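Asker: Please work out how this folds:
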Amino acid sequence: MFHSRNHIRPGRALALLLVPALALLPGNTRAALGLKEAVRIALDKDPAIAASLASATEHRENAVADGQLPDPKLKTGLYNLPLDDLDIEREPTTQLRFGIEQTFPRGDTLRYSRKRSESLAGVEEANAAAVTLQTVREVRRHFLELYYQEQAAEIVARTRKLFAQLVDITRAHYASGRVSQQDVLSASLELARLDDRATRIDTAADESRAALGKWLKEAAEQPLADGFPDLPSPPARAAIEAKLPEHPEMHAETARVNAMQQAIRIAREQYKPGWSAGLEYRKRFGEDPNGEDRSDMMAAMLSVELPLFIGKRQDRRLAASIAGVEAAELRRDDKLRELRRMLATDYADWQRLGERITLYETQLLREAGANANASLHAYQSGVTEFTTLMRARITELDVRLGELRIRVDRARAQANLLYLAGDRP
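Answerer: Residues are numbered from 1 along each chain as shown. Below you'll find the predicted structure:
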């Protein structure tokens with residue numbers, strides 16, 4: 001970035017001194033950063049995408065576990081042991097039991113639990129795709145904003161050089177008595193105001209680099225590539241709107257609805273009885289009166305849960321699940337409405353800003369430059385006052401910055417449209 005102002009911040013001055021030396025070191029050449037490269041770096045290093053994919057893996061693994069029967073229970077115990085002498089052979093009812101019991105959840109609870117976890121995995125996978133689109137959009141927007149600030153700084157620097165020359169001319173004219181002291185003060189004031197504007201632009205550029213640093217880290221400090229950042233052309237509005245229901249954000253909401261619907265099915269299965277079955281081996285000690293060893297025994301058991309009092313449990317669970325599905329569906333509908341609102345807003349901005357760019361390129365830029373040149377010639381000829389010349393130069397500066405601002409804002413609206421269209425590099 002070219003700076004023609006007299007004052008340079010110490011940190012920037014040190015950087016300018018170090019850049020030539022660093023450029024001579026192997027591996028330290030800092031290539032210009034283009035928009036496509038910035039997006040690539042951001043997608044490679046974005047932890048939010050990796051976090052969503054890890055959450056999806058978590059739910060996939062849980063889905064496998066949720067579809068399995070509970071672990072069987074191993075049971076053992078010593079029964080009917082007399083407490084007076086603890087003799088395990090005296091009483092015929094004393095037994096050492098070994099058993100195993102398996103529980104079977106109600107109805108198809110396991111199948112629906114597995115499907116619910118799979119749907120939650122789908123939510124996270126869709127979130128990962130949505131975060132990818134969001135990262136691309138935000139990097140594009142911040143990159144464009146940084147481009148604007150750097151280009152604006154160059155425009156202001158060139159204008160300041162002209163204003164500095166006007167200050168020198170005005171002082172010379174004042175020394176010869178051709179202008180008043182007020183003209184000299186006005187020129188100095190406008191020069192100081194340009195310096196203030198340049199400082200504010202530098203601050204905004206630093207903020208934009210810091211914002212890019214969230215995704216690019218040290219790459220955000222690279223100089224930007226020459227030329228206006230190139231973006232793909234957005235599809236027609238009707239085409240984008242037709243694809244909005246397939247947007248990753250909508251996929252996430254739909255998967256969330258599916259997960260809640262599985263919760264309804266699980267709640268309905270709780271009206272069915274649950275089962276548990278078990279087998280026991282019962283070891284007996286001592287002898288029968290005839291002198292033979294007491295025979296061992298076996299037991300087979302079946303337990304059934306009886307959902308008799310469902311008013312405050314099953315009914316409530318089912319009602320809660322139904323309400324959850326309704327809420328998820330309403331959120332999905334609201335998300336689609338929000339995406340359509342964003343499309344209407346951004347497409348209108350993109351179109352109207354395009355019309356304004358045409359106006360600037362065909363009329364305003366040319367007329368502002370011609371007006372500034374005419375004012376300069378008139379001032380040099382003594383036909384017009386200095387304030388008129390300054391206003392003409394300030395107007396030209398504002399028009400040039402305005403044209404740059406509109407081009408960047410239109411590109412930012414274009415980045416929003418590409419996000420809605422699901423464009424992923």
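Asker: Measure how buried the residue nearest to R137 when sequence neighbours are not counted is and give me the count.
Answerer: Once flanking residues are discounted, R137 sits nearest to Y419: 4.1 Å by C-beta to C-beta, 6 or more residues apart in numbering. Every C-beta, even on glycine, is put in place using the N, C-alpha and C of the backbone. Around Y419 there are 25 other residues, counting by other C-beta atoms under 10 Å.
Asker: so Y419 is in which element?
Answerer: Element membership for Y419 (DSSP states H and E) is helix 386-420.
Asker: Check which residues of that helix are buried.
Answerer: Buried residues in helix 386-420, defined by neighbour count with 16 or more other C-beta atoms under 10 Å: 386, 389-390, 392-397, 399-401, 403-420.
Asker: which residues in the stretch 201-350 of the chain form helices?
Answerer: 237-243, 248-269, 314-359 (DSSP state H, counting those that start in this stretch).
Asker: Out of the ones you listed, flag the one nearest L120.
Answerer: Among the helices of the stretch 201-350 of the chain, helix 248-269 comes nearest to L120, with 5.2 Å by C-beta to C-beta.
Asker: List the contacts of the closest one.
Answerer: Applying C-beta atoms under 8 Å, 6 or more residues apart in numbering, the contact partners of helix 248-269 are 105-109, 112-113, 115-116, 119-120, 122-123, 125-127, 129-130, 132-133, 244, 314, 317-318, 320-322, 324-325, 328-329, 331-332, 335-336, 339, 422.
Asker: and it with helix 314-359, angle?
Answerer: 170 degrees (axes from the mean of the first three to the mean of the last three C-alpha atoms, to 10 degrees).
Asker: What's the separation between the most far-flung residue of the chain relative to its centre and K283?
Answerer: Residue farthest from the centre of the chain, counting by C-alpha atoms, centre = their mean, is N290 at 83.7 Å. Using C-beta to C-beta, to the nearest Å, one obtains 20 Å as the distance from N290 to K283.
Asker: so what pLDDT did H251 get?
Answerer: Note on H251: pLDDT of 96.
Asker: Was I right to think A220 contacts G213?
Answerer: Yes - counting by C-beta atoms under 8 Å, A220 touches G213, with 4.1 Å between them.
Asker: which of those two has more neighbours?
Answerer: Remark: of A220 and G213, A220 carries more neighbours, 22 against 14, as counted by other C-beta under 10 Å.
Asker: Next, the contact list for the more buried one, please.
Answerer: A220 is in contact with L33, R209, A210, L212, G213, counting by C-beta under 8 Å, 6+ apart.
Asker: swap the cut-off to 10 Å and go again
Answerer: 33, 38, 41-42, 139, 142-143, 146, 208-214 (C-beta atoms under 10 Å, 6 or more residues apart in numbering).
Asker: Name the residues linked to the closest residue in space to S295 that isn't next to it in sequence by a beta bridge.
Answerer: Spatial nearest neighbour of S295, chain neighbours left out: R284 (6.8 Å); criterion: C-beta to C-beta, 6+ apart. With DSSP bridges as the criterion, R284 is bridged to Q95.
Asker: Surely R284 and E292 touch.
Answerer: No - if you go by C-beta atoms under 10 Å, R284 and E292 don't touch, sitting 11.5 Å apart.
Asker: Those two - which one has more neighbours?
Answerer: The neighbour comparison of R284 against E292 (other C-beta under 10 Å) goes to R284, with 20 against 8.
Asker: what about T93, which SS state?
Answerer: Of the three states, T93 takes coil under DSSP: H, G, I helix; E, B strand; the rest coil.
Asker: Please identify the nearest residue in space to it, excluding sequence neighbours.
Answerer: Excluding the flanking residues, the one nearest T93 by C-beta to C-beta, 6+ apart is N80, at 4.1 Å.
Asker: Show the contacting residues for that neighbour.
Answerer: Contacts for N80 (C-beta under 10 Å, 6+ apart) come out as I88, E91, P92, T93, T94, Q95, R284.
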